[in-house]
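Novice: For reference, the sequence and a predicted model appear below.
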Amino acid sequence: MAKKNIKVSEVVYDRLVSKKEGNESFDDTLRRILNLPPDIDDLTAYYPDEMREKAKDVVDYIFSLEELNRTVDRRGEYDSLKFVPENNDLAVAQIQFWEDSMKIMYRDKNGDMEWITSFVVGEDHDTNYGYHLEKEFKDIKEEIERKVMGAIRKWA
């Protein structure tokens, strides 16, 4: 992620420092104040390289399906990235980012968030695909597309 420096007055700096929570960086504080979601690199910081790349691929793939906004809920043990249609506040999909796994979900026909698959860091630090170990990554993406597009058609 590219970094930029900005100049601020002492008053602005002091106010920004007073807005920090815990050990937040200034970037984290500004993202929170401006209601911007964390960067994908932040959400996947503890994943091995292969899993980080797959996570980014899945996020980009879901965004390629439809014009969707994103929000992030910080839940303590995990962060939840929600994909929300522009004309609606109801998430059609979400990814829960845990320290050593991610859970991909979609809104089902009853309006509940249902599991599609999980990516889990294996003992050998390879990426395992939840209960879909026999499936190839392209097959998992096809399943994600089918379920997320169904949710978009029903709930957007």
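Specialist: Arrived safely. Residues are numbered from 1 along each chain as shown.
Novice: Can you give me the buried ones in the helix or strand Gly150 falls within?
Specialist: Under the criterion DSSP states H and E, the helix or strand holding Gly150 is helix 137-155. Of the residues in helix 137-155, those scored as buried under the neighbour-count criterion (16 or more other CB atoms under 10 Å) are 140-141, 144, 147-149, 151-152, 155. C-beta: built from backbone N, CA, C; applies to glycine.
Novice: surely Phe83 meets Ser64?
Specialist: No: counting by CB atoms under 8 Å, Phe83 does not reach Ser64; the two are 11.4 Å apart.
Novice: residues of the strand or helix carrying Ala55 that come out buried?
Specialist: Using DSSP H and E, Ala55 maps to helix 49-65. Buried residues in helix 49-65, counted by 16+ other CB under 10 Å: 51-52, 54-55, 58-59, 62.
Novice: Stretch 23-39: which residues count as buried?
Specialist: So stretch 23-39, judged by 16+ other CB under 10 Å, has buried residues 29, 31-32, 37-38.
Novice: Can you add secondary structure, distance to Arg75 and pLDDT and give those back as a markdown table?
Specialist: Below are these laid out as a markdown table (DSSP: H, G, I helix; E, B strand; the rest coil; distance: CB to CB, whole Å; pLDDT from 0 to 100):
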| residue | secondary structure | distance to Arg75 | pLDDT |
| --- | --- | --- | --- |
| Thr29 | helix | 19 | 85 |
| Arg31 | helix | 17 | 79 |
| Arg32 | helix | 15 | 79 |
| Pro37 | coil | 14 | 69 |
| Pro38 | coil | 13 | 72 |
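Novice: which one among these gets closest to Asp112?
Specialist: When these are compared for distance to Asp112 (CB to CB), Pro37 wins out at 23.1 Å.
Novice: helices and strands around the longest strand that the chain contains, which ones?
Specialist: The strand spanning the most residues in the chain, taking DSSP state E as the definition, is strand 113-121. Identification of packing neighbours for strand 113-121 by 3 or more CB pairs under 8 Å, 6 or more residues apart in numbering; DSSP states H and E yields helix 49-65, strand 101-107, strand 127-128, helix 137-155.
Novice: pLDDT averaged over the first one - what is it?
Specialist: Confidence over helix 49-65, taken as the mean pLDDT, stands at 91.
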